[in-house]
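# this one's sequence-less:
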């Protein structure tokens, strides 16, 4: 194994080394300078456009060039640090590897003659989108801010909401080549230490070239890779992340990803939207019930329709059964194939809509959904009832506030549809049972995925207060199971 | 961390027990009570439940004698070789019960709504899923049972509630019997359908706070007993005693005739049996789980999954041997009455007695 390079006391050797490391690197700015009255030799390196050029050249460099007096040759860098650099955020580093890692992240390095250290000035200033608006988790009431691709912006968005010294941001690096920064954010007094330890363990259990989005990290760190259900909750809303952190959960912020991971998570978490806590409880209860109902419909409707209409039409009242039969007059396909085709067509439209630019995506929805759908019904290729079933299923799936979770529902829907096509209600029931067993065996950092619908007595049924029904905020006195046991109290009523 | 403990809560145990008991009794007991005791079927059911309660308490007393598991307890009482034989006998008993439940399941499904579907396909599908459930361990079983409880029990309660308006009291009265012997025989038969209570011997070591599970077990029996009484009242109140006695599955017929308000569904039996399948699954996966446990102890196997697969194949092969459900059902009832129930009473008692003689009746201390 190659030994890590050391910072040499001779600046010339350092320059030779850096020139070789950064040969054919047009985006690296390197320059020798002589500063102070006695022309002390320094060498400056930074990444073009990743550093704040105004800060570096307009302030720091200007000060070094024109305002310095004589620099002592034996402790030149220390002198520059104390008297020449007009920035508080800097450090002396004695490892070349660490210095280069900082430089690639946007910091500026200053090497000095006769010094075996390097001055690292925090000058990150790469172009970014600023603080964008949350697009996939839109809320009518509440903050409109969303996470961005810049890790520091994201930690700031959380820090702004939790101004507590007990909020900890532990940073680590993942990816041998991408060296992606990952921040583990949690409340020191609320987090369960066993879960925190497990998170750190899982982040260190693999070595990979690069991580470019939280999704890749999620897949590497989750326990059951084969499950369609996400075991980490992803969000682009800072208020949701902050709220989760206050419940003792951990947020993983990954550089270059606008999606923050929240863990542990349960099925119930995916039904919670951030504005659930800003609106009145009665309205929220209604919305939550609607969401759960919609989620159920999005999974079962095509399967149960095929099962009943194909195998057990006697379940329907005669008039309804006749109406279904009449609507299928002339349709050449068996019902199961008809539903499957329509579902696939819808999935195609959905996928195409995502890939196309915004306005074209909308047009595609109109052309595909309305025009082709109507034409297919008129041509007797599909029946109007199936269009209603598929449309209702799709509409229901869109009410789930988490895209990753809703995708799992889409897969399960096809699974139940297939089983129902072969075995009718028996197939439907057997499919439903397997999904239930799977969910019952699923855990997120050892918290049962089906909490609080199972084992809620562990936390005195407190978690049930924020499930299908959201209790009034004043009555949700304790934090959920994610919090360490001795810190569960959330609200104290003052007299 | 708290959830990797291979334990279930008392509530989970209670619900699992309710589903286990419910799976077979809900279809069999109303007809059985009407055939043996007529209008006094209610008394038979109540007496059967009381006998079950006493049996459960007895089994619980025995289960409190060992801190580890039933196999270890047997080994300490009668030695390794005899314990091995007895465990094999238990595995055989569970195997026979599994085949019966599977046969009951396919028979009802074919009779009620999938007459053209091969019973072998139905049995194989159910066995595979039961095996999948059994391999997931006791924690997943507990959680599944907790959710399944609502899916299975609530619909049946709704059906009973909806049938109240159609009950005719003259069909039910008088409830006091003319012949006490028939009632007692009926209650013994009903007690035999509660034979799954024997599973407490195997499940109790997995229960957190097992010393205090009396309430959970008695609660489960009383809950199932109450449902059975209500079902009997609804069935006899609507169809008369002769009507119920003449039907093989009066509960299914009850589901067919009771209609939901609003007229959205004309027949509920298909949907209700879909829900009932949840309890059949819980019972079958339970049997498989305990057979797996027994085999793991017997052969010291590490790969539980393969053991399950072997047992699934064996159960399926035995199931295929029996073509006539009614004949098999008669054989099974005879097996229960003369072997299953007596052995379920005598064997644990024998081990308990030996334990008392050897250790003075004090609970074992884990070494």
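Good, I have the coordinates. Note that the structure is predicted; figures quoted are calculated from it, not measured.

# is any part of the helix or strand residue B:238 falls within close to chain A?
Here residue B:238 is covered by helix B:214-246, with elements defined by DSSP states H and E. No - in terms of CB under 8 Å from any CB of the partner chain, no part of helix B:214-246 sits within range of chain A; the closest distance is 12.3 Å. Placement of C-beta: from N, CA and C, glycine included.

# Tell me which helix or strand comes right after that helix.
helix B:250-257.

# in that next one, what's buried?
Within helix B:250-257, the residues that qualify as buried by neighbour count (16 or more other CB atoms under 10 Å in any protein chain shown) are B:250-256.

# ditto for stretch B:26-40
By neighbour count on 16+ other CB under 10 Å, the buried set for stretch B:26-40 is B:26-40.

# Which of those residues fall within helices?
B:26-37 (DSSP state H).

# Quick one: name the residues of chain A near chain B.
By the criterion of CB under 8 Å from any CB, the positions of chain A lying close to chain B are A:194-195, A:198, A:308, A:311-312, A:314-318, A:320, A:423-430, A:433-434, A:436-437, A:440-441, A:443, A:445-448, A:450, A:453-455, A:457-458.

# out of the buried residues of helix B:250-257, who's nearest chain A?
Each of the buried residues of helix B:250-257 was checked against chain A using CB to the nearest CB; the closest is residue B:256, at 9.3 Å.

# re earlier: mind putting the buried residues of helix B:250-257 in JSON lines, pLDDT included?
Output for the buried residues of helix B:250-257, formatted as JSON lines (pLDDT from 0 to 100):
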{"residue": "B:250", "pLDDT": "85"}
{"residue": "B:251", "pLDDT": "86"}
{"residue": "B:252", "pLDDT": "84"}
{"residue": "B:253", "pLDDT": "84"}
{"residue": "B:254", "pLDDT": "84"}
{"residue": "B:255", "pLDDT": "81"}
{"residue": "B:256", "pLDDT": "79"}
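
# Which elements pack onto the helix holding residue B:238?
helix B:10-37, helix B:41-63, helix B:137-163, helix B:169-172, helix B:250-257 (3 or more CB pairs under 8 Å, 6 or more residues apart in numbering or on different chains; DSSP states H and E).

# Just the residues contacting the helix or strand of chain A with the lowest mean pLDDT, thanks.
With mean pLDDT, DSSP states H and E as the measure, the helix or strand of chain A carrying the lowest mean pLDDT is helix A:358-365 (a mean of 72). By CB atoms under 8 Å, 6 or more residues apart in numbering or on different chains, the residues outside helix A:358-365 that reach it are A:349, A:352-354, A:356.

# Narrow these to just the buried residues.
A:349, A:353.

# is it possible to export the ones in helices among the buried residues of stretch B:26-40 to a markdown table including pLDDT?
Converted to a markdown table, these look like this (pLDDT from 0 to 100):
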| residue | pLDDT |
| --- | --- |
| B:26 | 88 |
| B:27 | 87 |
| B:28 | 88 |
| B:29 | 91 |
| B:30 | 90 |
| B:31 | 90 |
| B:32 | 89 |
| B:33 | 90 |
| B:34 | 90 |
| B:35 | 89 |
| B:36 | 89 |
| B:37 | 86 |
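
# Pull out the buried positions in the helix ranked longest in chain A.
When every helix of chain A is counted residue by residue (DSSP H), the longest turns out to be helix A:403-441. Within helix A:403-441, the residues scored as buried using 16+ other CB under 10 Å are A:404-406, A:408-410, A:412-441.

# strands paired with the helix or strand that it is followed by, and their directions?
Taking DSSP H and E as the definition, the helix or strand that follows helix A:403-441 towards the C-terminus is strand A:443-444. Strand A:443-444 has its sheet partners listed here by DSSP bridges as strand A:447-448 (antiparallel).

# how far does the partner strand sit from the chain's center?
Computed by CA atoms, centre = their mean, to the nearest Å, the chain-centroid distance of strand A:447-448 equals 20 Å.

# For that strand, the averaged confidence score.
Averaging the model's pLDDT scores along strand A:447-448 yields 92.

# quick one, what contacts residue B:305?
Each residue near residue B:305 by CB under 8 Å, 6+ apart is listed here: residue B:135.

# quick one: it and chain A, what's the gap?
To chain A, residue B:305 is 14 Å away according to CB to the nearest CB, to the nearest Å.

# Report pLDDT for the closest residue to residue B:6 other than its chain neighbours.
Taking CB to CB, 6 or more residues apart in numbering or on different chains, and ignoring the residues beside it in sequence, residue B:6 has residue B:138 as its nearest neighbour in space, at 5.9 Å. Here the pLDDT value assigned to residue B:138 is 90.

# isn't residue B:138 right up against residue B:206?
Yes - the pair residue B:138 / residue B:206 is scored as a contact, 4.8 Å apart, by CB atoms under 8 Å.

# any common contacting residues for the two?
B:6-8.

# Out of these, which one has the weakest pLDDT?
Comparing pLDDT over those, residue B:6 scores lowest. The value there is 82.

# Now for it: which residues touch it?
Contacts for residue B:6 were tallied using CB under 8 Å, 6+ apart; they are B:137-139, B:206.

# Could you tell me how far stretch A:61-80 lies from the centre of the chain?
Stretch A:61-80 has its average C-alpha position 45 Å from the chain's average C-alpha position, going by CA atoms, centre = their mean.

# which residues sit against stretch A:476-486?
When contacts are defined by CB under 8 Å, 6+ apart, stretch A:476-486 is touched by residues A:189-193, A:195, A:246-249, A:264, A:447, A:451-452, A:458-460, A:462-463, A:465-466, A:487-491.

# Which of those are buried? Put it as a ChimeraX command.
Buried members of the contacts of stretch A:476-486, identified by 16+ other CB under 10 Å, are gathered into one ChimeraX selection as follows:
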select /A:190,191,192,195,246,247,248,249,264,447,451,452,458,459,462,463,465,466,488,490
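
# In strands, which of the contacts of stretch A:476-486 appear?
With strands taken from DSSP state E, the overlap with the contacts of stretch A:476-486 comprises residue A:447.

# what sits against the residue nearest to residue A:276 when sequence neighbours are not counted?
The shortest distance from residue A:276 to any non-neighbouring residue, by CB to CB, 6+ apart, is to residue A:284 (4.8 Å). Residue A:284 sits next to A:276-277, A:470 when contact means CB under 8 Å, 6+ apart.

# Any figure for the gap between the closest residue to residue A:202 other than its chain neighbours and residue A:180?
The shortest distance from residue A:202 to any residue other than its chain neighbours is 4.3 Å, reached at residue A:221 (CB to CB, 6+ apart). Distance check for residue A:221 against residue A:180: by CB to CB, to the nearest Å, it reads 13 Å.

# which other residues reach stretch B:86-96?
Where contact means CB under 8 Å, 6+ apart, the residues beyond stretch B:86-96 that reach it are B:71, B:74, B:78, B:287, B:290-291, B:294-295, B:297-298, B:311, B:314-315, B:318, B:332, B:335, B:339-340, B:343, B:347.

# Counting neighbours, which bits of it end up buried?
Buried residues in stretch B:86-96, counting neighbours by 16+ other CB under 10 Å, are found at B:86-87, B:90-91, B:93-96.

# Mind jotting down where the helices sit in the stretch 51-200 of chain A?
In the stretch 51-200 of chain A, helices defined by DSSP state H, counting those that start in this stretch lie at A:53, A:62-66, A:76-79, A:96-104, A:151-159, A:193-203, listed in chain order.
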